[in-house]
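Chemist: generate coordinates for the sequence data below:
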Amino acid sequence: MTGLAKGKLGLDSKVFLLTDEKEIELEDPFVCVHLKGYSRARVTHLDIEHKGLNNLIHPGSLLDIKGIKDGIEVTFKETYQGKKINGLRVLSPLLNKVLKPGQKTRTWVGSKVGGIYVGFRKNEMEKLEKIASSVFNMHPGCNSVRSTNKIDLLLSNFPLYSEDLEIDLKKPEGRFKWFLASILFGARIGEKIAVNTYKTFEKHGILSPDRILEVGWDELVEVLDEGGYARYDFSTATKLLNIAGKLKDKYGSLEDLYTKSKDMRDLIRKLKEFKGIGDVTAQIFLRELRGAWKIEMPVSSKARETAKKLDINLDDFGGEKLSRVETALVKLNLRYCKKQRCGECLFKENCKYAKKTSTK
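Modeler: Presented below is the predicted three-dimensional model:
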């Protein structure tokens, strides 16, 4: 059975086809743990559904699978839209509970209507069932869904943006990297483009105020264009130079700006003194720093709105845990609520809004 059904436990994920030249990201894939005893599943397995995967692997074969950071990679040789495909990458942090980075297995990967399935060996299958139990509170062959641990499900599927970018917020240089990434995220531009552009800055080693000033406007524009930030390339290059220059001249460093701030309000005011940094960028930057700096950043309206839908009381959290919960709620809002993807959402059974819309 393709698509949502009882016992098919959706994972927030990204799927890429791997070629010699580039990665091809599949739009809106559906990846799920399909539990034994539900929707005709005789064993627990992993479903990867997308129209682009139809008949890609037919009928199926034993393939090598390895764990990578935040997911798994399946190796095979097939053809897709005239391109030679070397494998499939599935990114979902929960899958590292099945295969840790560097771990390998060889198992059956087969074709199904609307995609492919991975029939893991017993050891990995049991780990899939542990995910179903610990995160979704669901068990093989059980026909009723128990009360879901919403917070565990949120945090396991939606890590901090800084963690997605492999930025260590415990280090001063990491906090400036996150400041740079927050400026990129703060524009009216897609999340994917902002991530790609930050990684392009990382590739070129432009991750400090000194390097930004050193490379200058022309090279910044080139890097922004390479990352896909072409819509705001000129203005963002100018913005970054102004911010880097003023930060060094007025405060010395980002850490000095923080230590010279009297309180939370003063810290926000100092950040907003930089031309191009407003409420949105300041909020993005500071919400993930509650565990690194001693700050009490108010929760964004977007996160509060999403928390209300899921009946989550944000007053129950503080410090780094609040940062993680807020970021997870923001991601959920942007990727599902905003796009009205209620039917695909991991929280459709818990969401008051989804229940209302489903009865209309």
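
Chemist: ok now the one helix or strand residue 32 maps to, how far from the chain's centre?
Modeler: According to DSSP states H and E, residue 32 maps onto strand 30-34. Once both centres are worked out by CA atoms, centre = their mean, to the nearest Å, strand 30-34 turns out to sit 17 Å from its chain's centre.

Chemist: CA atoms of it as CSV?
Modeler: Listed in CSV are the C-alpha atoms of strand 30-34, where the atom choice follows Å, rounded to 0.1, in the frame of the first residue of the first chain:
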residue,chain,number,x,y,z
PHE,A,30,7.4,9.8,1.9
VAL,A,31,9.7,7.7,4.1
CYS,A,32,8.2,5.5,6.8
VAL,A,33,8.7,2.6,9.2
HIS,A,34,6.1,0.2,8.0
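
Chemist: paired strands for that strand, with orientation please.
Modeler: Each strand that strand 30-34 pairs with, and the sense of that pairing, follows from DSSP bridges: strand 8-11 (antiparallel), strand 45-49 (antiparallel).

Chemist: any idea where the helices of this structure begin and end?
Modeler: When assigned using DSSP state H, the helices of the chain occupy the ranges 122-134, 150-157, 161-164, 172-185, 191-203, 209-227, 233-246, 254-259, 264-272, 279-287, 301-309, 319-332, 352-358.

Chemist: student question: in the chain, what's the helix or strand with minimum average pLDDT?
Modeler: The least trusted helix or strand in the chain, going by mean pLDDT, DSSP states H and E, turns out to be helix 352-358, with a mean of 61.

Chemist: low pLDDT regions in this protein?
Modeler: Screening the chain residue by residue with the criterion pLDDT under 70, one finds the ranges 1-4, 58-59, 79-82, 142-149, 354-360.

Chemist: can you rerun that using 50?
Modeler: Segments of the chain classed as low confidence (criterion: pLDDT under 50) are 142-148, 358-360.

Chemist: show me what contacts the most centrally placed residue in it?
Modeler: The C-alpha lying nearest the average C-alpha coordinate of the chain belongs to residue 158 (CA atoms, centre = their mean; 5.6 Å). Residues touching residue 158, when contacts are defined by CB atoms under 8 Å, 6 or more residues apart in numbering, comprise 12, 327, 328, 331, 332. All C-beta spots, glycine's among them, are computed from the backbone N, C-alpha and C.

Chemist: closest to residue 319 out of those residues?
Modeler: Checking the contacts of residue 158 against residue 319 with CB to CB, the nearest one is residue 327 at 13.3 Å.

Chemist: the nearest residue to that closest one once chain neighbours are set aside and residue 134, how far apart?
Modeler: The shortest distance from residue 327 to any residue that is not its chain neighbour, by CB to CB, 6 or more residues apart in numbering, is 5.2 Å, and that residue is residue 160. Residue 160 sits 21 Å away from residue 134, taking CB to CB, to the nearest Å as the criterion.

Chemist: of the two, which one has the most company?
Modeler: Here residue 160 and residue 134 are set side by side on neighbour count (other CB atoms under 10 Å), and the busier one is residue 160, at 21 against 14.

Chemist: do I have it right that the more buried one meets residue 290?
Modeler: No: with the criterion set as CB atoms under 8 Å, residue 160 and residue 290 do not qualify as a contacting pair; they are 10.6 Å apart.

Chemist: which neighbours do these two share?
Modeler: residue 323.

Chemist: where's residue 339 relative to residue 68, distance?
Modeler: If you measure residue 339 against residue 68 using CB to CB, the figure is 27 Å.
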